[in-house]
Structures are given as structure tokens and as C-alpha cells.
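[1] how would this look folded up:
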Amino acid sequence: MKRDKETAGQVEARLERSLRRQVTAPKLDGRFDAAVWQRIANEDRAVARTNAASTAATTTRMPRWLVACNVLGIAVTAVLVLWFGVRQLSGIDLGLDLGVDLPAFSAEQQQSLLRLATNVLAAAAVLFGLMFTRFGRRLISALR
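    Numbers count the residues shown, from 1 in each chain. Next up is the predicted model:
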């Protein structure tokens, strides 16, 4: 009858006390702390060794076609810089004719082309920057 009058809170408190009496945790001393810190240090060393081994293993060579493209691009850039640099700085005409006549534009056409090129370049820069955001990645995946 007495138990019938107990509230839920009293029952829970009694069960809690009973459980605490049954389960006792051992008292921990400095040896336990030292063992935990030693284990953490050992795991850190193991992770460092694994990272060093995986970094060495993942160092691969670039594909040959990419190396060839880079060498070609560097060579073309060097030739153009030398050709235009020598021509502009020394005033010497090298006698090389590209066979391409540059079109003549009026000042208004130059201004409009410059505005167009600036807007295209700005839009390309913004789109390139968006590729590195979460929104940009979602947008690219939706367009595919």
C-alpha cells in the first residue's frame, strides 16, 4: 500500500540510490593518467608515421602529356617575351614578319572592346571563384 502512494519521482530516486549502491567505480590515481597520456602519445607517433608513409607513397609523377604542354607553354612564353622585349627595348627590328596585320580600330571601338573584355574577364573571375564555394559546386552539379 505504501508503494501505491509513492510518486514517480520518489520511485526514480529510490531506484537511483539502489543502482549507485550496486555499481562502484574504482578510485583512479596518477598511474591511470600516465597510462592514458602514454597511449595518446603512442597513437600520435603511429599516425605521424602513417602520414609520412602515405605522403611519400602519393608523390607521383605528372603525366607526360601534361609535362609536354607545360614545356611548350613555357617555351612559347619565353620566345614571345624575348621577341617583344628586344623589339621594344632596343628599337631593333628583328625582321620577323608574322604575316598577320593587326586591324585598326577607332577610339570608340577600342573603348567598347575594352569594356566588353573587362566585363567578360570579371564574369569569368567570379564564376571561377564560385567553383570553390558550396553554392558553386551545387550549381555545377545541377547543370550536369
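
[2] poorly predicted segments of this structure, please.
    The model of the chain has pLDDT under 70 over residues 1-5, 53-60, 91-96, 98.

[3] let me see the domain layout of the protein.
    Using automatic domain parsing, the domain ranges for the chain come out as 29-60, 62-90, 118-144.

[4] how far off centre is the longest one?
    Using Cα atoms, centre = their mean, to the nearest Å, the mean C-alpha position of domain 29-60 is found 25 Å from that of the whole chain.

[5] between the domains of the chain, which gets nearest to Ser18?
    Minimum separation from Ser18 across the domains of the chain (Cβ to Cβ) falls at domain 29-60, 27.8 Å. No exception for glycine: its C-beta is placed from N, CA and C like everyone else's.

[6] hmm, back to that, for the domains of the chain, give me CSV that also has mean neighbour count and distance to Val100.
    Shown next, in CSV, are those (neighbours: other Cβ atoms under 10 Å; distance: least, Cβ to Cβ, whole Å):
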stretch, mean neighbour count, distance to Val100
domain 29-60, 9, 41
domain 62-90, 10, 14
domain 118-144, 10, 23
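
[7] just put those in CSV and tack on distance to Asp97.
    What follows is the domains of the chain, written out as CSV (distance: least, Cβ to Cβ, whole Å):
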stretch, distance to Asp97
domain 29-60, 45
domain 62-90, 12
domain 118-144, 30
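
[8] after the longest helix belonging to the chain comes which helix or strand?
    Secondary structure of the chain per DSSP state H: the longest helix is helix 30-58. Scanning forward in sequence from helix 30-58 by DSSP states H and E, the next helix or strand is helix 64-90.

[9] now do the helix or strand that comes right after that following helix: everything it contacts.
    Later in the chain than helix 64-90, the nearest helix or strand by DSSP H and E is helix 107-130. For helix 107-130, contacts defined as Cβ atoms under 8 Å, 6 or more residues apart in numbering pick out 105, 136, 139.

[10] distance check, the second one against Ser112.
    So the one you mean is Gly136. Distance of Gly136 to Ser112, computed by Cβ to Cβ, to the nearest Å: 30 Å.

[11] returning to what we had before: what's the longest helix of the chain packed up against?
    Packing contacts for helix 30-58, counted by 3 or more Cβ pairs under 8 Å, 6 or more residues apart in numbering; DSSP states H and E, involve no helix or strand.
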